[in-house]
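In: what follows is a predicted structure for the sequence shown.
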Amino acid sequence: MKKWISCLSSITLLFCLSLTVSAAENIIRLATTTSTYNSGLLDELLPVFEQKYGAKIHVLSVGTGKALRMGRDGDVDLLMTHAPAAERTFIEQGHGIEAKSVMYNDFVVVGPSNDPAGIEGGSDAVSALRAIAESQSVFISRGDDSGTHKKELALWKSAGVAAGFDGYKEIGQGMGKVLQVSDELQGYTLTDRGTWLAYQHRLQLKMMVAGDERLFNPYQVILVNPASYEGLNTEGARALAQWLVSAEGQTLINNFRINGEVLFHGSAQQVVTNQ
Amino acid sequence: MGLELNIDNLVKRFGTRELFTIEKLRITEGESLHLKGENGAGKTTLMKIMAGLEKPCSGKVMVTPKQRRWWSNRIHPDVIYLHQTPYVFMSTVIDNVAYGLKLRGGSRQEVKTKVQQALVWARLGHLAEHPACSLSGGERQRLALARAWILAPRILLLDEPTANLDRHSVSTVAELVRQLLEQGTTVMVSSHQSNRVTELCTRHLLLESGALHESSSLESSSLESVLYEVDTKMEPQHYVQH
Amino acid sequence: MDMSLLSTCKEALALLFNLDAELWSIIGVSFRVSIMAILLSAIPAILVGFLLAIIDFPGRWVLIAVFNALMSVPTVVIGLTLYLLLSRNGPFGELHLLFSQPAMVIGQILLCFPILVCMSHAAFQGIDRRAWETARTLGAHCGRAAITLACEARFALLAAMLAGFSRIISEVGCSMMVGGNILGYSRNIPTAIALETSKGEFAQGIALGLVLLLLALVLNFALASVRGKGQLV
């Protein structure tokens, strides 16, 4: 009996120690969008940085809305998001500082191969969405306040269509899940090109509309304002942000390929135009 | 100094129903008592109160000299109560017998020797390694006696020790009780009828309609004369040998 | 989907047997967090269950009913509550616990505590009153008698711990919320399954599912073997 008790307590102690060990390291918390995480870009980039700077990056992959909320609450050190309007508000309200443009890709509209709305090959996203609504086709929406969702809502607004027609379905999930659901339900959806390329080979969906400048998708990194909360790893986060826009980081982003296709374009040298 | 148990104005009620009121009872060392009474008269409750397992509504049970220490919530170590059907712990016979002694913190060797003695005394040696729950009713009663004997109690309260036993087991239990009495232990046996075990008692108490009376042994034996005769037909030597 | 169930399963087994490092780190996190949670909550919860069984106080049944109700609280609700408490913005933000293993442990403790309390309460209720009296009259003080009772109820208590463990090793909502699903740190089996399925990586999801299934089988066989073949005693 006594043996058992001492055995159990030593195991508990061991576990306690193993839990606290990792707290001593230089940990940077990065909240980012599911689209960048699921594409595999960060798995390529971050280990290089971790090796070089002896840091450990904890990636929280959530929708942009949740990421901004985490930043506002001080639960992360660095944000990498793609919703320019929301980011601007975030910074104006004093939650974030030192926004840097990192990279861009673009959104595309994908849909089933039988194309009930007849939009394949077009380059006008707004009229394509209008056609989808008018033909009452199925459209799957992220519905999770993510950057993609915000972009989609803005497009519906320009199209003059109230999102909520018969075939419109909000599923409240990440980008990959939305693509899967669209595939199963033979619906259209708006996706970032990165996730689309990563998922393309598993889906029967086809690319419908691309190349519209309104589909431009810029990514920014923003430091969470260290004035708001104590104990943030602002130094680490700043180092990471600077490394991402450095020549090395940008080259790695430009060289990242899925099935031989470029997903993201480094944009540190360019001025991002926000619509 | 001899041990003494004194009861003073003891009252036990369940809700509004009064079970019994006992004004005075004095039990001295070496006595053997037979507590008689119908089912439901409160024999079990009285014995549990005497053992400190239940609280009376008012009144006191005093065991002198006091063994209790102010920091300990143990009940008096010299008074042990045995259930009508003993509860056996889910382990071997040895572990059951050793239970109380281990609590007192004897050395391993000392516990081992005493447990062996107790097993021999209760004639359970051949069952030592068996799981206690596989024991028969008679064996369980002997196990309970061994479990108490090993602690050398000064007062032993036996609640209907023979209620569910066959005649042979009753004889064995009676022999064990006789030996306890010889060792100078005060034994109180509750039973609603007379039998081999109560026959050993010199003092008879009757718990009836909420009060406790002293009664003569003659009176008690005549009540259950038939059973008594059946029991006494057995030769004493017969059970001593086992 | 051109992937058949069979080929996905094959891929899953390959992942397991090739000792895929990422997969095993996920399994490690799961076990470390859940074992920690069950070890930390077991003794206090069993104690509460014991007190509920032995002490009669006004409002006892209310407390029992509350614990029973807590058993069925959705894990995400616990997760959300804990999230709001642990966020830097919340009352315990100073502890810097959100998105860490200790936060997951706390969440899982909250999840398994009511189960342990209710099941150990039932276990102690099932014990004969004479066990308590026998222990007491043989010289056990209250604490020691309680331990004796726990020993008597050991199989039921083990079953309670197993039920608690099953709930926390397989829950997604709370771990996802307060752990953050950080690879190599707070990603455990259920959150990894949720993520991999959303990424369409069904093979890894199934591999992890198999680990959970295997674990459940091993634990239940172990319990069944120590308690005999389920007969009455």
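Out: Perfect, I can see it now.

In: show the backbone phi and psi for B:Thr202.
Out: Per-residue torsions, B:Thr202: phi -100, psi -20 (degrees, to the nearest 10).

In: thought it was touching B:Leu181?
Out: No - B:Thr202 lies out of contact with B:Leu181 (Cβ atoms under 8 Å); the separation is 9.3 Å. Using the backbone N, CA and C atoms, a C-beta is placed for each residue, glycine as well.

In: which residues in the chain form helices?
Out: Using chain A here. For chain A, the helices defined by DSSP state H cover A:2-21, A:34-39, A:41-53, A:64-73, A:84-92, A:125-134, A:147-159, A:175-185, A:193-199, A:234-245, A:247-255.

In: my question was about chain C, not that one.
Out: C:5-17, C:21-54, C:60-70, C:75-86, C:101-125, C:129-137, C:142-152, C:154-169, C:173-179, C:189-199, C:202-226.

In: comparing these, which stretch has the densest surroundings?
Out: helix C:173-179 (a mean of 26; mean count of other Cβ atoms under 10 Å in any protein chain shown).

In: chain center to it, what's the gap?
Out: 14 Å (Cα atoms, centre = their mean, to the nearest Å).

In: that one and chain A in contact?
Out: No - judged by Cβ under 8 Å from any Cβ of the partner chain, helix C:173-179 and chain A are separated, with a smallest distance of 9.6 Å.

In: count the neighbours of the closest residue to B:Glu4 other than its chain neighbours for me.
Out: In space, and not counting its chain neighbours, B:Glu4 is closest to B:Thr64: 5.0 Å by Cβ to Cβ, 6 or more residues apart in numbering or on different chains. If you count neighbours by other Cβ atoms under 10 Å in any protein chain shown, B:Thr64 ends up with 11.

In: over to C:Arg187?
Out: Neighbour count of C:Arg187, defined by other Cβ under 10 Å: 23.

In: isn't it right up against C:Trp24?
Out: No - contact criterion Cβ under 8 Å: C:Arg187 and C:Trp24 do not qualify, at 12.0 Å.

In: common neighbours of B:Thr202 and B:Leu181, please.
Out: B:Ser32 (Cβ atoms under 8 Å, 6 or more residues apart in numbering or on different chains).

In: more neighbours, the two?
Out: B:Leu181 (18 against 11).

In: wait, a strand at the more buried one?
Out: No - according to DSSP: H, G, I helix; E, B strand; the rest coil, B:Leu181 belongs to no strand; its state is helix.

In: C:Cys142 and C:Arg60, how far apart?
Out: C:Cys142 sits 18 Å away from C:Arg60, going by Cβ to Cβ, to the nearest Å.

In: same check on B:Pro77?
Out: 32 Å.

In: list the contacts of the nearest residue in space to C:Ile26 that is not next to it in sequence.
Out: Spatial nearest neighbour of C:Ile26, excluding adjacent residues (Cβ to Cβ, 6+ apart): C:Ala192 at 4.7 Å. Residues near C:Ala192 by Cβ under 8 Å, 6+ apart: C:Ile26, C:Asn181, C:Gln204, C:Gly205, C:Leu208.

In: the residue nearest in space to the middle of chain C: what's it in contact with?
Out: The centre of chain C sits closest to C:Phe165, judged by Cα atoms, centre = their mean, with a distance of 2.8 Å. By Cβ under 8 Å, 6+ apart, the contact set of C:Phe165 is C:Ser34, C:Ile35, C:Ile38, C:Cys112, C:Leu219.

In: show me what contacts the third one?
Out: With contacts defined as Cβ under 8 Å, 6+ apart, C:Ile38 is in contact with C:Gln108, C:Cys112, C:Met161, C:Gly164, C:Phe165, C:Ile168.

In: apply 6 Å and report the result again.
Out: C:Ile38 makes contact with C:Gly164, C:Phe165, according to Cβ atoms under 6 Å, 6 or more residues apart in numbering or on different chains.

In: repeat that for B:Met90.
Out: C:Glu152.

In: just A:Ile171 next, same as before
Out: A:Val181.

In: can you tell me how far it sits from A:Gly143?
Out: According to Cβ to Cβ, A:Ile171 stands 6 Å off from A:Gly143.

In: do B:Glu214 as well
Out: 89 Å.

In: same check on B:Gln84?
Out: 70 Å.

In: could you do C:Leu16 as well?
Out: Distance from C:Leu16 to A:Gly143, by Cβ to Cβ: 35 Å.

In: how about the residues of chain C by chain A?
Out: With Cβ under 6 Å from any Cβ of the partner chain as the criterion, chain C comes near chain A at residues C:36, C:39, C:87-89, C:96, C:98, C:101-102, C:180, C:182, C:185, C:198-200.

In: and the spatially most central residue of chain B, what element?
Out: For chain B, the residue nearest the mean C-alpha position is B:Leu158 (2.1 Å; Cα atoms, centre = their mean). If you go by DSSP states H and E, B:Leu158 is part of strand B:155-159.

In: now the residue of the stretch 151-275 of chain A at minimum distance from chain C. Nearest residue, chain neighbours left out?
Out: Ranked by Cβ to the nearest Cβ, the top residue of the stretch 151-275 of chain A for proximity to chain C is A:Lys177, at 4.3 Å. Leaving aside its sequence neighbours, A:Lys177 sits nearest to C:Ser198 (Cβ to Cβ, 6+ apart; 4.3 Å).

In: SS state for B:Lys55?
Out: coil.

In: ok, for the residue nearest the centre of chain A, nearest residue in space, not its chain neighbours?
Out: In chain A, the C-alpha nearest the mean C-alpha coordinate belongs to A:Thr33, at 2.2 Å (Cα atoms, centre = their mean). Ranked by Cβ to Cβ, 6+ apart and with sequence neighbours excluded, the top spatial neighbour of A:Thr33 is A:Thr64, at 5.4 Å.

In: that neighbour: neighbour count?
Out: 28.

In: just checking, it touches A:Thr34?
Out: No - here A:Thr64 lies out of contact with A:Thr34, judged by Cβ atoms under 6 Å, at a distance of 9.2 Å.

In: the residue in chain B that chain A sits nearest to: neighbouring residues, count only.
Out: Residue nearest to chain A within chain B: B:Lys102 (10.1 Å; Cβ to the nearest Cβ). Residues near B:Lys102, counting by other Cβ under 10 Å, number 16.
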